[in-house]
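Q: Build me a model:
(one chain, ligands or ions: 2)
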Amino acid sequence: MASEVSMKIPKIDFSSSPDLQPGADHWDQLRSQVLQALKSFGCFEAVYPKVSQETRQAFFSVLEDLFSLPVETKLLNTSEVPTFGYVGQYPHLPLYESLGISKVSLPDNILKFSNLMWPHGNINFREVVSLLVGQISDLEKMVRRMVMEGLGVDKYYESNTESIDYLLRMMKYKGPEKEGVREGLGSHTDMTMLSILFQNQVSGLQIQTKDGGEWIPVEISPNSFTVMAGDSFLAWSNGRVHAPWHRVMMEGNEARYSVAFFALPKGGHLVQAPEEMVGEEHPLLFKPFDVIKYLNYISSDGGKPGKSALKDYCGV
Ligand SMILES: O=C(O)CCC(=O)C(=O)O
Ligand SMILES: [Fe+2]
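A: Ligands and ions are numbered 1, 2, ... in the order given. The predicted model follows:
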């Protein structure tokens, strides 16, 4: 029977030191919390007020405008990987729509996207996205550096950073407007090193425990982000970091807007566990793989990634 008190994902507070540098007072303490959380849950709630409430609100209000655009306009947003562009109007996912901006750290790509969506561009959109991308990528870098340090392989941090592109995915889930709970997005793991997520006031994200026994609803505070590890970090750490299964379940009438900031290895780069991560007690789990090739393989297969898709693709 499910327990009465529902479980929570770990909560880690970065508010006293949002610009924390290695070696600073709180660094080591937070580093061990981060590593522990990503090993046992694959995710945690990060209290990170460096991104202000005003910025978040400005972003969610511009997202309402964005998703109100005609479908023909949203379809103009195409991409190298089909699911990085516009996704929506799927009969099996009737509540879900998303729009992505690849390599979002390049201001030119935000500009191109905003010119594609709005005939006269949208300076407000561009400003708020650039601000968010800067602030959230600081959090992503800090967390990834802490994990690598905690594993004793931070000498790879800089080169790993160079091998990553950031993808911004903006999502809208319609309320089902029917009795009961409906699937907004099916269960999956992310292909990222790390994913950083946040939402408007409507929740719906659920994370499965590592033993597969329970779905934990993610109820995070308005200053928080959900930080989650993906399959690339799992493979890179040779299984030390857990990449959790997660899904979105929707209820009621209200639409849910959410944002995912994905740290994703670049196309052409092979994700590979460093030699220090492999040994007698830790035999190599995955052969080196190119994430973009893998994602294209999954999309061309037309199916959803199965429980062992990455293992089938490049498992040792
Ligand atoms: O909407 C959310 O909170 C989660 C979205 C998600 O899991 C994804 O885009 O990979
Ligand atoms: Fe996801």
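Q: quick one, phi/psi of Met7?
A: For Met7, the backbone dihedrals are phi -70, psi 160 (criterion: degrees, to the nearest 10).
Q: do you know how far it is from Glu251?
A: Per C-beta to C-beta, to the nearest Å, Met7 is found 19 Å from Glu251. Where C-beta positions appear, they are placed from N, C-alpha and C, glycine not excepted.
Q: How about Met142?
A: Separation of Met142 from Glu251 (C-beta to C-beta) stands at 34 Å.
Q: Kindly report the same for Asn200.
A: 15 Å.
Q: Neighbour count for these two, which is higher?
A: Between Asn200 and Glu251, counting by other C-beta atoms under 10 Å, Asn200 is the more crowded of the two (20 against 17).
Q: Model confidence for the more buried one, exactly?
A: Asn200 carries a pLDDT value of 90.
Q: Same check on the one 10 residues further on?
A: Residue-level confidence at Lys210 comes out at 94, pLDDT.
Q: could you pull out the strands for the stretch 151-300 of the chain?
A: Using DSSP state E, counting those that start in this stretch, the strands of the stretch 151-300 of the chain run over 164-173, 182-188, 194-199, 205-208, 215-217, 224-229, 246-250, 256-265.
Q: So which of these is the most surrounded?
A: Among those, the stretch with the highest mean neighbour count (mean count of other C-beta atoms under 10 Å) is strand 224-229, at a mean of 26.
Q: On the three-state scheme, the one residue in the stretch 1-150 of the chain that gets nearest to ligand 1 is what?
A: Nearest residue of the stretch 1-150 of the chain to ligand 1: Ser98, at 6.7 Å (C-beta to the nearest ligand atom). Following DSSP: H, G, I helix; E, B strand; the rest coil, Ser98 is assigned to strand.
Q: Now the chain against ligand 1: closest residue?
A: Closest to ligand 1 within the chain is Ser258: 3.6 Å, counting by C-beta to the nearest ligand atom.
Q: before we move on, back to that, my read is that the residue of the stretch 1-150 of the chain closest to ligand 1 contacts Leu167, right?
A: No: counting by C-beta atoms under 8 Å, Leu167 is not a contact partner of Ser98; they are 10.9 Å apart.
Q: Common neighbours of the two, please.
A: The overlap between the contact sets of Ser98 and Leu167 (C-beta atoms under 8 Å, 6 or more residues apart in numbering) is empty.
Q: returning to that earlier point: adding distance to Lys155, write the strands of the stretch 151-300 of the chain out as TSV.
A: Listed next are these as TSV, based on distance: least, C-beta to C-beta, whole Å:
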stretch	distance to Lys155
strand 164-173	17
strand 182-188	32
strand 194-199	19
strand 205-208	31
strand 215-217	34
strand 224-229	20
strand 246-250	31
strand 256-265	18
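Q: so which of the ones you listed comes closest to Leu76?
A: Leu76 sits nearest to strand 164-173 of all the strands of the stretch 151-300 of the chain, at 14.9 Å, using C-beta to C-beta.
Q: could you say what helices and strands that closest one packs with?
A: helix 53-68, strand 96-101, helix 123-150, strand 182-188, strand 256-265 (3 or more C-beta pairs under 8 Å, 6 or more residues apart in numbering; DSSP states H and E).
Q: And the average pLDDT for the last one is what?
A: When you say that, I think you mean strand 256-265. 98.
Q: Sheet-wise, list the partners of that strand with their directions.
A: Strand pairing for strand 256-265, determined by DSSP bridges: strand 164-173 (antiparallel), strand 194-199 (antiparallel).
Q: Go through those strands and name the closest to Gly23.
A: Nearest to Gly23, of all the strands paired with strand 256-265, is strand 194-199, at 21.8 Å by C-beta to C-beta.
Q: Keeping just the C-alphas, turn that closest one into CSV.
A: C-alpha atoms of strand 194-199 as CSV (Å, rounded to 0.1, in the frame of the first residue of the first chain):
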residue,chain,number,x,y,z
LEU,A,194,21.4,18.0,-16.3
SER,A,195,17.9,19.4,-16.8
ILE,A,196,16.7,22.4,-14.9
LEU,A,197,12.9,22.8,-14.7
PHE,A,198,10.4,25.3,-13.4
GLN,A,199,6.7,25.9,-13.8
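Q: Please see if that strand touches ligand 1.
A: Yes: Strand 194-199 is in contact with ligand 1 by C-beta under 6 Å from any ligand atom, via 197, 199.
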